[in-house]
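Peer 1: one predicted model, sequence on top.
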Amino acid sequence: MRLHVANHPLIAHKLTVLRDRNTPSATFRQLVDELVTLLAYEATREVAVSDTPIETPVAPTTGLTLSEPRPIVVPVLRAGLGMLEGMTRMLPTAEVGFLGMRRDDNTLEIETYANRLPDDLSGRQCFVLDPMLATGHTMVAATNYLFERGAKDVTCVCILAAPEGVATLEAAIGDRADVNVVVAAVDECLNEKSYIVPGLGDAGDRLYGIVD
């Protein structure tokens, strides 16, 4: 597993405003969209391309276009939806799948309650979107779900990560697949409630409001 922390002044600026507890939801959503577009630039550095001959107005040449099969972008519901437009702005020809996952409060196990993905992901580059890599359990479940369908090339795009979550994901993946993790920052730790510190709070609630 490879971890890439995107080090850029614009990313740092937008992340600072996201962290501020006084930032309203409308501004928060807009900044997530802008921030993910910047992260998507880093996350797609190794996207598969093919040589393509073209004719310019001056002369023939060979350029590059995205290879087939098309990449697939997979937001993890619900917070991952806030990252979708920023990612597809950079990859407009990608397909989009969805994974709905939640933690059972009694067993603490991750349950998959919604799935809209192809049965066969062999040969597909997969981009998983989830704002927070906290304990790592949701991302482990999501990547396992993709591995079971034949995926071998997975990039996880997150806004923030905790060291505990990075370690958990790396241990779970092992050498089963080629996995990249792209984040805006790795924070200090998790608190007793498994929130990232200093973090930015609950990303889903700040994007969409609190739903009981």
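Peer 2: Arrived safely, thanks for sending.
Peer 1: make it CA atoms for all contacts and neighbour counts henceforth
Peer 2: OK.
Peer 1: longest single helix anywhere in this structure?
Peer 2: Assignment by DSSP state H gives helix 25-43 as the longest helix of the chain.
Peer 1: off-centre distance for it?
Peer 2: 11 Å (C-alpha atoms, centre = their mean, to the nearest Å).
Peer 1: which residues are contacting that helix?
Peer 2: Identification of contacts with helix 25-43 by C-alpha atoms under 8 Å, 6 or more residues apart in numbering yields 6, 11, 14-15, 18, 82-87, 89-90, 155, 157, 159, 182-184, 206-209.
Peer 1: quick check: mean pLDDT of it?
Peer 2: For helix 25-43, mean pLDDT is 94.
Peer 1: that older thread, just the buried ones from the contacts of helix 25-43?
Peer 2: 6, 11, 14-15, 18, 82-87, 90, 155, 157, 159, 182-184, 206-207 (16 or more other C-alpha atoms under 10 Å).
Peer 1: now do the residue lying closest to Thr23 once chain neighbours are set aside against Gly136, distance only.
Peer 2: Excluding the flanking residues, the one nearest Thr23 by C-alpha to C-alpha, 6 or more residues apart in numbering is Val17, at 6.7 Å. Distance, Val17 to Gly136, using C-alpha to C-alpha, to the nearest Å: 24 Å.
Peer 1: of those two, which one has the most company?
Peer 2: Using other C-alpha atoms under 10 Å as the criterion, Val17 and Gly136 rank with Gly136 on top: 21 against 15.
Peer 1: let's verify Ala12: helix, strand, or coil?
Peer 2: helix (DSSP: H, G, I helix; E, B strand; the rest coil).
Peer 1: cool, and Ser122?
Peer 2: coil.
Peer 1: contacting residues for the closest residue to it other than its chain neighbours?
Peer 2: Of all residues not flanking Ser122 in the chain, Gly150 sits nearest, at 4.5 Å (C-alpha to C-alpha, 6+ apart). By C-alpha under 8 Å, 6+ apart, the contact set of Gly150 is 120-123.
Peer 1: got it, and Asp51?
Peer 2: Contacts of Asp51 by C-alpha under 8 Å, 6+ apart are 62-65.
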